[in-house]
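Visitor: What follows is a predicted protein model with its sequence.
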Amino acid sequence: MRPSAVSGIIFANSRDEAVGRMTNFRSMASLPFGGRYRIIDFCLSNLVNAGITNVGIITKANYRSLMDHIESGAFWDLDRKRGGVHLLPPFNISGARRYHGYVEALYGAMDFLNRCNSEYIVLCDGCVVANADIASAVDFHINKNADITVVYRTGEKVRKAKNMMAMTIDNDDRLVSVSFPSEISSDELSSLGILIFKRDLLIELVNNAYENGGRNIDVDIIADRVNDLKIYGFRHNGFSAIMTDMKAYTDANMSLLNKDVRTDLFNPKRRIMTKNRDDMPTRYGTRADVKNSFVADGCVIDGEVSGSILFRGVTVKKGAVIKNSIIMQDCIIGENAVLNDVICDKSVTVSNNTMIKGTFDSALYIEKNQEL
């Protein structure tokens, strides 16, 4: 594969509604994950690790946080005179409303597709956490002379699977049928939200689908043309998580407490890159007790932390207890406070002697900048 022959497109607002208030002021792609990352870091790193250095990010709403994170793209080696990263803001193609569905999103970004001059386009959902081998997927696509390749996964049960495509393939890896169940079982093959197209064909299909009122690529292009296009499936074997709801987001973060997941997701041969924030190492006080937790740099811990994810710059004061929780950047947990099954967004302050508890199935979410 010649890297210059491939361009990438990321949909930054994929499944924004799935995680409720967490995307009130940010896009899904800029949602913090795993102590120091944003979800888009995995999409961008997957593309860059495959040698793809021309990337468009289609935005819809609440993309200021995303712009602050991406900046010039330097942290992903995408600050280039040719190619690089391009934020594609919403383009009103039908009056004043924003686009609905990926077909309209791509139709609004047609200028990027026409100008990139690549032979192939890789489309990525901005709600997926995975270390995907896109280079091998593109080589597979080329070798099969495929019209479309769907990167899929198996063995992952999904409780809420709105518009998630399940599929069957034959012995030659060609798609035979697709469906859209309300729940994906662990023995079904389901799309990972990564699609590879021949560029000219993608432009043709998007134009036709748009003219006929189509909105969804999976429904209005793949399912509609599965019998007359050469559509293949490429299997992703490693860890993957799709943010279909708050529980999926919580579970994906907590999966990092599993060494095997960390080893797979942070494969040194395909690095996951993010925006740097120079900070001191985490400091542990004499009374700190930290077990089975994922702790970023810059934290100050004088309390008890177990089964939790702590982002950069978190302060846990003396006597505080944090269990099974996700504490985002620059939060302050006061003395003798107790947090159990809680998600604290950025810069939350929890007062001394405060007790906050959610449940295993429904973590309690505290919005950014709150003082409790």
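Guide: Ah, there it is. Numbers count the residues shown, from 1 in each chain.
Visitor: what residues does the top helix by length along the chain touch?
Guide: If you go by DSSP state H, the chain has its longest helix at helix 199-211. Residues outside helix 199-211 that contact it (C-beta atoms under 8 Å, 6 or more residues apart in numbering) are 7, 103-104, 106-107, 110, 113-114, 116, 118-121, 147-148, 197, 214, 217, 220-221, 225. The way it works is simple: take the backbone N, C-alpha and C, and place the C-beta from them, glycine included.
Visitor: Name the SS class of Phe234, please.
Guide: strand (DSSP: H, G, I helix; E, B strand; the rest coil).
Visitor: for it, what are its contacts?
Guide: 136-137, 140-141, 149-152, 173, 196.
Visitor: Equivalent analysis for Leu106, please.
Guide: So Leu106 contacts 9, 58, 113, 202, 206, 217 (C-beta under 8 Å, 6+ apart).
Visitor: Of the residues you listed, just say which sits nearest to Arg80.
Guide: Ile9 (16.8 Å; C-beta to C-beta).
Visitor: Filter the contacts of helix 199-211 down to the buried ones.
Guide: 7, 103-104, 106-107, 113, 116, 118-121, 147-148, 197, 214, 217, 220-221, 225 (16 or more other C-beta atoms under 10 Å).
Visitor: which intervals of the stretch 1-150 of the chain have sub-threshold pLDDT?
Guide: 1-4, 91-99 (pLDDT under 70).
Visitor: how about the helices in it?
Guide: Using DSSP state H, counting those that start in this stretch, the helices found in the stretch 1-150 of the chain span residues 39-49, 64-70, 101-108, 110-116, 134-143.
Visitor: Can you say which of those is packed in most?
Guide: helix 39-49 (a mean of 25; mean count of other C-beta atoms under 10 Å).
Visitor: by how many degrees do that helix and helix 134-143 diverge?
Guide: 60 degrees (axes from the mean of the first three to the mean of the last three C-alpha atoms, to 10 degrees).
Visitor: Including distance to Trp76, could the contacts of Phe234 go into TSV?
Guide: Formatted as TSV, those follow (distance: C-beta to C-beta, whole Å):
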residue	distance to Trp76
Ser136	20
Ala137	19
Phe140	24
His141	23
Thr149	23
Val150	25
Val151	20
Tyr152	25
Asp173	30
Ile196	20
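Visitor: Of the residues you listed, which is the nearest to Ala29?
Guide: Distances from Ala29 to those, taken by C-beta to C-beta, are shortest for Val151, at 17.6 Å.
Visitor: and which of the contacts of Leu106 is nearest to Ile322?
Guide: Ile58 (36.8 Å).
Visitor: pLDDT below threshold where in the stretch 151-300 of the chain?
Guide: In the stretch 151-300 of the chain, residues with pLDDT under 70: 161.
Visitor: which residues of it fall in strands?
Guide: All strands of the stretch 151-300 of the chain, identified by DSSP state E, counting those that start in this stretch, fall at 166-169, 175-179, 189-198, 231-235, 240-242, 283-284, 289-291, 294-295, 300-301.
Visitor: out of these, nearest to Pro90?
Guide: Per C-beta to C-beta, nearest to Pro90 of the strands of the stretch 151-300 of the chain: strand 189-198, 20.0 Å.
Visitor: Compute the inter-axis angle for the closest one and helix 134-143.
Guide: Using the same axes, to 10 degrees: strand 189-198 against helix 134-143 is 70 degrees.
Visitor: so what strands line up beside strand 189-198?
Guide: Sheet pairing for strand 189-198, assigned by DSSP bridges, gives strand 120-125 (antiparallel), strand 148-153 (antiparallel), strand 166-169 (antiparallel).
Visitor: out of the contacts of Phe234, which one sits closest to Ile301?
Guide: Val151 (38.9 Å).
Visitor: what's the very next helix or strand once past the longest helix of the chain packed up against?
Guide: Once the chain leaves helix 199-211, the next helix or strand it forms, by DSSP states H and E, is helix 217. Contacts defined by 3 or more C-beta pairs under 8 Å, 6 or more residues apart in numbering; DSSP states H and E place helix 217 against helix 101-108.
Visitor: Can you give me the domain boundaries for this structure?
Guide: For the chain, automatic domain parsing gives the domain ranges 3-265, 283-366.
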